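[1] coordinates for the following, if possible.
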Amino acid sequence: MNGCLPNPEQAWTVGTAPGIFPSIGHGIALFRRPLEFLNSLPAHGDLVEIRLGPQRAWMVCHPELVHRMLRDTRTFDKGGPQYERLRALMGGGVVTCPHSEHRRQRRLLQPTFRPAAVAGHTDLMAEETASLCRDWRAGQRVDVSAAMLGLTTRLISRVLLSDALGPAAADEVRRCLAAIVRGLFVRTVVPVDALFRIPTPANRRYRRAVERTHELIDAAIAQRRRAAPRDDLLGLLLAAADRDGEQEPVTDQEIHDQVVSLLLTGSESPSMCLASTFGLLAHHPEVERRLHAEVDSVLAGRLPRAGDLPRLVYTRAVLTETLRHSPPGWLFTRVTTRETRFAGQHLPRGTTVLYSPYLLHHDATSFPEPERFLPERWLEGEAAAGPHSALIPFSAGSRKCIGDLFSLAEMTVALATLAGRWRLRRPPGPVAPPRPGATLGPRSLTMICEPRADAPGGTPPRAATLAPGAPAVAAAAAAGDTRRDGDQDVHHA
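    Presented below is the predicted three-dimensional model:
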């Protein structure tokens, strides 16, 4: 990857392929073969001009430039085709709000995602995962993608809403979310509104899924207003709305938008990561063996507790490598709020700028043999994995995901609990590669349940700490974190 453009005063433009309508541009390539298209861009430079529908946009291909952009949230605000679509779905909540609203909203929500609060949810995470384990049978074919989405939807809904969203409603939210995620991606890469006003079955399914999600959340909020106060995020928001003397009171619309935003983002991304993990483990038996050995050694058949998280070193390394190899949040947009000069290029106000964690995570300069699944990259003393700033599964800067510790703890507990009881095997036959949507991961991963009657042999991996730059899940969740309140924010969708 070059340090600068071949000519820093000249835009580098990827040509539109013959036969593609100019109004569609590279959106078709990004939709049909997105990962291949992304991986082709760094060869053209560090900042590459592409076309999304009738709009010109710039793809940032170098980690240093990505971090520079993400630190400058006043100039590179959340916007562009992706966030225009998300705002129609989520309103003005913390996921989609502009820079001017961000700090107030972040501080309001922060208590739910502090390390001590995350550690307090560990038993809930383990109980929900154990319940899923009890539903499986030897030899059963399981849609792992749907099972993981159901698990993460139940977990985040209980943290946000306690029992206000019952099992049936949570399952309906899961089904709606699956339809929404399928529709969001094409609306981002081909931002031609007229295409999505046509009453096709797909467009009708998308609109109905959005409408039904809002109806379910409104019903849950209304139920809670009639009930006793609860110690959850909705209780925090309702209490803030009732306080007198607030300079900027929390409105009913903001309560709705925050719950929708956190419920959808807190369900989809961790479920995709878990599904990808099980798919990768099935193709890497030695990694699976080491994972099982560690889980058996640390947990000895019981459910994980908060104090176990720092000891599940290899388990965390497996998840970190999955987040590198198959990041659920793989493509994001920003928009310039003012005229600026960036990487030698003049960007007018309103310019769409994109970055891709997948692209950065698969650059061989940062991660040798990027297509290989190697959790050992993240163990102390093992081979270095390159500049760690290139690993950004939860973004970076002041709008880094507020739910990163929660998601990582949730995934660690879920993976350790499931791996302590089951192996998941691929059925015979070809395996279709995961097709990106709004998130990256397998949409319908069918696997066969095989009970782990005996612990696998071998020596558990030695205790270690994650290499610098790897997501710190356990120590922060179990022992506390030095981050200042408000330094993080949710952005994944």
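[2] switch to C-alpha atoms for all contacts and neighbour counts from now on
    OK.
[3] can you pull out the strands in the stretch 201-350 of the chain?
    Remark: strands assigned in the stretch 201-350 of the chain by DSSP state E, counting those that start in this stretch are 332-336, 340-342, 345-347.
[4] so of the ones you listed, which one's packed in deepest?
    Of all the strands of the stretch 201-350 of the chain, strand 332-336 carries the top mean neighbour count, a mean of 23, counting by mean count of other Cα atoms under 10 Å.
[5] which residues sit against that one?
    75-83, 347-356 (Cα atoms under 8 Å, 6 or more residues apart in numbering).
[6] give me the subset of these lying in helices.
    Among those, the ones falling in helices (DSSP state H) are 81-83.
[7] can you pick the most crowded of these?
    Gln82 (24 neighbours; other Cα atoms under 10 Å).
[8] what's near enough to touch that residue?
    184, 187-188, 332-333.
[9] export those residues to JSON lines and tack on pLDDT?
    Output for these, formatted as JSON lines (pLDDT from 0 to 100):
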{"residue": "Leu184", "pLDDT": "78"}
{"residue": "Arg187", "pLDDT": "76"}
{"residue": "Thr188", "pLDDT": "67"}
{"residue": "Phe332", "pLDDT": "92"}
{"residue": "Thr333", "pLDDT": "90"}
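[10] for the residues you listed, which one is nearest Arg224?
    Leu184 (29.9 Å; Cα to Cα).
[11] that closest one is in what secondary structure piece?
    helix 167-189 (DSSP states H and E).
[12] which elements pack onto that helix?
    helix 27-32, helix 81-90, helix 144-161, helix 201-226 (3 or more Cα pairs under 8 Å, 6 or more residues apart in numbering; DSSP states H and E).
[13] mind redoing it with 7 Å?
    On a contact count with 3 or more Cα pairs under 7 Å, 6 or more residues apart in numbering; DSSP states H and E, helix 167-189 meets helix 27-32, helix 144-161, helix 201-226.
[14] dump these to TSV, plus mean pLDDT.
    Below are those laid out as TSV (pLDDT from 0 to 100):
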stretch	mean pLDDT
helix 27-32	64
helix 144-161	94
helix 201-226	92
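[15] need the winner for burial among these.
    Taking mean count of other Cα under 10 Å, helix 144-161 is the most buried of the helices and strands packed on helix 167-189, at a mean of 23.
[16] can you pull out the helices in the stretch 351-493 of the chain?
    357-361, 404-419, 474-479 (DSSP state H, counting those that start in this stretch).
[17] run through who's touching the shortest one.
    When contacts are taken as Cα atoms under 7 Å, 6 or more residues apart in numbering, the neighbours of helix 357-361 outside the stretch itself are 38-39, 61, 63, 324-327, 330-331, 367, 390-393.
[18] out of those, which comes closest to Pro436?
    Nearest member of the contacts of helix 357-361 to Pro436, counting by Cα to Cα, is Trp330, at 8.3 Å.
[19] just the pLDDT at that closest one, thanks.
    pLDDT, Trp330: 93.
[20] that one contacts His362, correct?
    No: counting by Cα atoms under 7 Å, His362 is not a contact partner of Trp330; they are 11.2 Å apart.
[21] these two: who's more crowded?
    Trp330 (27 against 23).
[22] residues contacting the more buried one?
    Per Cα under 7 Å, 6+ apart, neighbours of Trp330: 356-358, 439-440.
[23] try 10 Å
    Trp330 sits next to 35, 323, 355-361, 392-395, 436-441, 492-493 when contact means Cα atoms under 10 Å, 6 or more residues apart in numbering.
[24] same check on Met69?
    60, 63, 75-77, 334, 336, 342, 353, 355, 396-397.
[25] which of these are buried?
    60, 63, 75-77, 334, 336, 353, 355, 396-397 (16 or more other Cα atoms under 10 Å).
[26] before we move on, the earlier item: which among the helices and strands packed on helix 167-189 is found nearest to Arg311?
    Across the helices and strands packed on helix 167-189, Arg311 has its closest neighbour in helix 144-161 (22.9 Å, Cα to Cα).
[27] quick one, the closest one and helix 167-189 angle?
    110 degrees (axes from the mean of the first three to the mean of the last three Cα atoms, to 10 degrees).
[28] for helix 144-161, packing partners?
    helix 122-135, helix 167-189, helix 201-226, helix 233-242, helix 252-282, helix 404-419, strand 446-451 (3 or more Cα pairs under 10 Å, 6 or more residues apart in numbering; DSSP states H and E).
[29] chain center to that helix, what's the gap?
    14 Å (Cα atoms, centre = their mean, to the nearest Å).
[30] repeat for stretch 367-377
    The answer for stretch 367-377 is 20 Å, by Cα atoms, centre = their mean.
[31] average pLDDT for that stretch?
    95.
[32] check stretch 109-121 too.
    95.
[33] from what I can see Leu445 touches Ser145, true?
    Yes: Leu445 lies in contact with Ser145 (Cα atoms under 10 Å); the separation is 5.4 Å.
[34] give me the common contacts of the two.
    With Cα under 10 Å, 6+ apart, Leu445 and Ser145 have common neighbours 275-276, 278-279.
[35] who wins for neighbours among those residues?
    Going by other Cα under 10 Å, Ser276 tops these with 26 neighbours.
[36] show me where the stretch 1-150 of the chain has strands.
    Under DSSP E, counting those that start in this stretch, the stretch 1-150 of the chain gives strands at 12-13, 47-52, 55-60, 76-78, 141-143.
[37] just those: most buried one?
    strand 76-78 (a mean of 25).
[38] ok so, going back, go through the helices of the stretch 351-493 of the chain and name the closest to Arg158.
    So among the helices of the stretch 351-493 of the chain, helix 404-419 is nearest, using Cα to Cα, at 12.9 Å.
[39] mind checking the pLDDT average for the closest one?
    Here the average pLDDT along helix 404-419 is 97.
[40] helices or strands up against that helix?
    Counting contacts by 3+ Cα pairs under 10 Å, 6+ apart, helix 404-419 packs against helix 115-120, helix 122-135, helix 144-161, helix 252-282, helix 285-299, helix 313-325, helix 474-479.
[41] what angle separates that helix from helix 144-161?
    Using the same axes, to 10 degrees: helix 404-419 against helix 144-161 is 130 degrees.
[42] for helix 404-419, C-alpha coordinates in PDB please.
    Output of helix 404-419 as PDB, limited to C-alpha atoms (Å, rounded to 0.1, in the frame of the first residue of the first chain):
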ATOM      1  CA  ASP A 404     -17.600  -2.900  22.300                       C
ATOM      2  CA  LEU A 405     -17.000  -4.300  25.800                       C
ATOM      3  CA  PHE A 406     -20.500  -5.700  26.000                       C
ATOM      4  CA  SER A 407     -20.400  -7.400  22.600                       C
ATOM      5  CA  LEU A 408     -17.000  -8.900  23.200                       C
ATOM      6  CA  ALA A 409     -18.000 -10.200  26.700                       C
ATOM      7  CA  GLU A 410     -21.200 -11.500  25.200                       C
ATOM      8  CA  MET A 411     -19.500 -13.300  22.400                       C
ATOM      9  CA  THR A 412     -16.800 -14.700  24.700                       C
ATOM     10  CA  VAL A 413     -19.400 -16.100  27.100                       C
ATOM     11  CA  ALA A 414     -21.500 -17.500  24.300                       C
ATOM     12  CA  LEU A 415     -18.600 -19.100  22.500                       C
ATOM     13  CA  ALA A 416     -17.200 -20.700  25.700                       C
ATOM     14  CA  THR A 417     -20.600 -22.000  26.700                       C
ATOM     15  CA  LEU A 418     -21.400 -23.500  23.400                       C
ATOM     16  CA  ALA A 419     -17.900 -24.900  22.800                       C
END
